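Novice: Attaching a predicted model along with its sequence, questions to come.
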Amino acid sequence: MFKRIIAVFIFAFLLQSCNAAGPNQQVKFETTQGTFTVELFSDVPITTKNFTDLVTKGFYNGLVFHRYVPNFVIQGGDPTGTGMGGSDKTIPLEITKHQHVKGALGMARSQDPNSASSQFYICLADVHNLDGNYCVFGQVIDGMDTVLKLQKGDKMTKVTLLTKDSASTVMGK
């Protein structure tokens, strides 16, 4: 009987956890090279919430992409533009099943696994050697051609969390 109660409790907890995650959110990036849209993964709650909180506050508006490595990543999210800055808080590393494929959105960090803040990168190719070491929390779903045009110094003019209605419009649904 005790095992059955524990099993029901675990099932209820897992069900609640899945419902709490909700549907994936989308973020629209307007840049000096064009626009692209990223879908954020609801099963990466800490990193996704940190990112959406920063987007909602307008943190990324006007920041530059400070790092570009061909066939690897384009990186932004540093308010100093040097690769050494971040927001006023850090988050722990979340390792997920999501892989570093072309268009994957990942959270940058220092050597300390729990040092992620505001810097993020987008994979310009499959980069599986990063799997298990960095957090993938989203995927480009529209405008990958724009992402591939980005270079060091290009600017994020506006970064917006999309509502369900605006996401449908962006995706032509």
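Specialist: Received the coordinates, thanks. What you see is a predicted model; the values in this text were computed from it and never measured.

Novice: Just the strands from the protein, written as ranges.
Specialist: Along the chain, counting by DSSP state E, strands occupy 25-31, 34-40, 65-69, 73-76, 104-107, 120-123, 135-142, 156-162.

Novice: Low-confidence stretches in this structure?
Specialist: Scanning the chain for pLDDT under 70 picks out 1-22, 164-173.

Novice: what about 80?
Specialist: Along the chain, segments meeting pLDDT under 80 span 1-23, 163-173.

Novice: May I have the beta-bridge partners of Gln25?
Specialist: With DSSP bridges as the criterion, the beta-bridge partners of Gln25 are Leu40.

Novice: Pretty sure it sits against Glu39.
Specialist: Yes: using CB atoms under 8 Å, Gln25 is in contact with Glu39, at 7.5 Å. For every residue, glycine as well, the C-beta is placed using N, CA and C.

Novice: Adding mean neighbour count, write the strands of the chain out as TSV.
Specialist: Shown next, in TSV, are the strands of the chain (neighbours: other CB atoms under 10 Å):
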stretch	mean neighbour count
strand 25-31	21
strand 34-40	20
strand 65-69	18
strand 73-76	23
strand 104-107	25
strand 120-123	24
strand 135-142	23
strand 156-162	18
